[in-house]
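*Asks:* Okay, structure incoming, though there's no sequence with it:
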């Protein structure tokens, strides 16, 4: 019988070890070096947004109208005027750096205890963060000398510099914490050092190669600054999981009595095939983000597709070569008490799974109802989910240095919410008709700036409210729907409204429009792939429903913790009253993709037992018990990696980490151990029924029933004859 694709790749790799291993290493090194040399290209401000506000920023970018980066330094003292000497010294120090311009004299507050120094960083504002360090040093050094005053700095350049350093530190923290955690879990799972190092090593090399290729791709599709963090998160979790599934099956087959070559071929044909199906499913699910209409998600889609593809490729190519080369040395570095196996390769986790499954399969209705009830209770808070683009104080926490500086400056020198910015482009901005239109804006409350050379005008319009509440949104809507159309009617000018609030409103509106096609795409892809893989619409539909329950529960936990603050302090975070705008769609897509890792792996093993003639309930019991160890280990690694991101500084990373960690934990326990077996037990033979109209679908074998085991004691026996090495496709 012909072998399936995964089996053919695995056999070729095992027989061409040097070619596969050296080829992988050359690919990783080449991708890393070339990508590193090219550098990453980040999104412009206009590319980060969408809609009317993005078009407004695009006009300014195209016209080359760059406002130098503004900086503010607050000097406060306990007594009125006590800041004067420090403020004068600070102004001189800032000017001497050579990086500042237009350093204004200190402006005193109403109570006289604070002074504000305004200045600009020279040069292009987009690269000001790279040049602001001397100014930061001058402010810090003055603060050390003048200890009787309190100094705080805030501005575009300093905040971008602070954010860049923070992201770098967070990424290093995630890398240096997640990798040892994954390695520790694998040591427990395999009980051997070499077996634990192999998946981590392959996952890290896959991430390195993906980083390089993503840097090259960023020259065509510009990326958001957190994209690399998202890629590493996905790459490490998925890369380790794929290797774990493959390696666990190979070791189980060896322990069951097969010789090394046969065990490897069985692992390639079964777990290797599951890895291919899972990888393709994840990549197609991620491709749904291209339909969001936002460049942010297109970058996330590209990054995750790249790293999943490379991790999948490594698992089915270089991993079999390494296993064939290592042989029984894969068990080198055994750790006492962690390398125990029972007869026929059964793990202790299988016994635990069996103990859980017995009552579940005995009373499937009760357990199905109970599992659904638990997930719906967890999902309930999601009904009141509020999303927004989190501002700086919410994003970094009220205790962050930048948040404290911003709060103190705005308290001492209140300036109201960030104004809306109306951008006007005309054929002749100085024409009589355009001058009349611009004159309709109040000179007292609105600031009009005309750039005659570029035929562009900017109008800063003050908004009522606090900048994000209902009053501010009503004022923005009135500006867009009434004031602007009325003022520029008949002028032929191109007019768009931007600003902080306008950008947030446009972003959320696009997300609401984009989530429908994205959801439709990933559900359709999941359904078709499961239908093709298992020839059963029942399996396909239940896959989607189980995924939706996991996603809903994750949403509910995120809302409970980060919007309502339930248990936030225990997790070392704080309530911000909302969920970051891009997270619901991202979490939906990621969880739909990742949950297929477990689902395909588990259901394939159940179908494998069913194809051998076992009845459905016995097949469910066997399939889940035999995959329990791999699923438990894989879930533990994913939860650990995601949880690390939940400890980072940025609120959106915390929300993403907690949401994904909770979802994977629920998916691997309640869903896979309770809900899936109970639902499949209730459906019985209907799980495998193929309607007449779909019988044209190819019948894919899930097992290796024609491979004969070698004696248990003969682990070093020579390869079996060719006729016994055939595998089913």
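*Replies:* Structure received. None of these values were measured; they are calculated from a predicted model.
*Asks:* Touching stretch 464-471 from outside, list them.
*Replies:* By Cβ atoms under 8 Å, 6 or more residues apart in numbering, the residues outside stretch 464-471 that reach it are 388, 391, 416, 417, 418, 472, 473, 474, 475, 500, 501, 504. C-beta coordinates here come from the backbone N, C-alpha and C atoms, glycine included.
*Asks:* run the last query once more with 6 Å
*Replies:* Residues from elsewhere that reach stretch 464-471, judged by Cβ atoms under 6 Å, 6 or more residues apart in numbering: 417, 418, 472, 475, 501.
*Asks:* For my notes, please list the residues you listed in TSV and give distance to residue 648, secondary structure and pLDDT for each entry.
*Replies:* Output for the contacts of stretch 464-471, formatted as TSV (distance: Cβ to Cβ, whole Å; DSSP: H, G, I helix; E, B strand; the rest coil; pLDDT from 0 to 100):
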residue	distance to residue 648	secondary structure	pLDDT
417	29	coil	64
418	26	coil	77
472	30	helix	85
475	35	helix	88
501	27	helix	86
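*Asks:* closest to residue 265 among those?
*Replies:* residue 501 (60.8 Å; Cβ to Cβ).
*Asks:* In this structure, where is pLDDT below threshold?
*Replies:* For the chain, applying pLDDT under 70 flags the ranges 1-3, 337-351, 415-417, 443-444, 466, 693-729.
*Asks:* for it, what spans make up the strands?
*Replies:* Taking DSSP state E, the strands of the chain run over residues 69-76, 100-101, 107-108, 114-121, 150-155, 387-388, 420-425, 446-451, 456-461, 494-498, 579-580.
*Asks:* hmm, back to that, now, which of the contacts of stretch 464-471 sits nearest residue 238?
*Replies:* Looking across the contacts of stretch 464-471 and measuring by Cβ to Cβ, the closest to residue 238 is residue 501, at 37.5 Å.
*Asks:* about what we covered before: let's have the contacts of stretch 464-471 in TSV, adding distance to residue 322.
*Replies:* Compiled in TSV, the contacts of stretch 464-471 are given as follows (distance: Cβ to Cβ, whole Å):
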residue	distance to residue 322
417	58
418	55
472	59
475	63
501	54
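*Asks:* For residue 22, give its distance to residue 128.
*Replies:* Relative to residue 128, residue 22 is positioned 46 Å away (Cβ to Cβ, to the nearest Å).
*Asks:* out of these two, which sits in the more crowded spot?
*Replies:* residue 128 (25 against 12; other Cβ atoms under 10 Å).
*Asks:* Could you verify my assumption that the more buried one touches residue 155?
*Replies:* No. In this structure residue 128 lies outside contact range of residue 155 using Cβ atoms under 6 Å: 8.7 Å.
*Asks:* if we take the contacts of stretch 464-471, which one ends up nearest to residue 286?
*Replies:* residue 501 (30.8 Å).
*Asks:* Next one: that closest one from residue 602, what distance?
*Replies:* Taken as Cβ to Cβ, the span from residue 501 to residue 602 is 47 Å.
*Asks:* likewise residue 619?
*Replies:* Counting by Cβ to Cβ, the gap from residue 619 to residue 602 is 11 Å.
*Asks:* Contacts for stretch 195-212, please.
*Replies:* Contacts for stretch 195-212 (Cβ under 6 Å, 6+ apart): 28, 31-32, 35, 182-183, 186-187, 190, 231-232, 235-236, 239-240, 243-244, 306-307, 310-311, 314, 330.
*Asks:* mind listing what the residue positioned nearest the centre of the chain touches?
*Replies:* Centroid-nearest residue in the chain: residue 230, 4.0 Å away (criterion: Cα atoms, centre = their mean). Contacts were defined as Cβ under 6 Å, 6+ apart; by that measure residue 230 touches residue 300.
*Asks:* at 7 Å what do you get?
*Replies:* With contact taken as Cβ atoms under 7 Å, 6 or more residues apart in numbering, residue 230 is in contact with 300, 303, 304.
*Asks:* Closest one to residue 517 out of those, please.
*Replies:* Nearest member of these to residue 517, counting by Cβ to Cβ, is residue 300, at 16.0 Å.
*Asks:* For residue 677, grab the count of nearby residues.
*Replies:* Residues contacting residue 677 under the criterion other Cβ under 10 Å number 26.
*Asks:* Tell me who's in contact with it.
*Replies:* 357, 360, 361, 620, 624.
*Asks:* could you redo these as JSON lines and give each row neighbour count?
*Replies:* JSON lines is the format used below for these (neighbours: other Cβ atoms under 10 Å):
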{"residue": "357", "neighbour count": "24"}
{"residue": "360", "neighbour count": "23"}
{"residue": "361", "neighbour count": "18"}
{"residue": "620", "neighbour count": "28"}
{"residue": "624", "neighbour count": "26"}
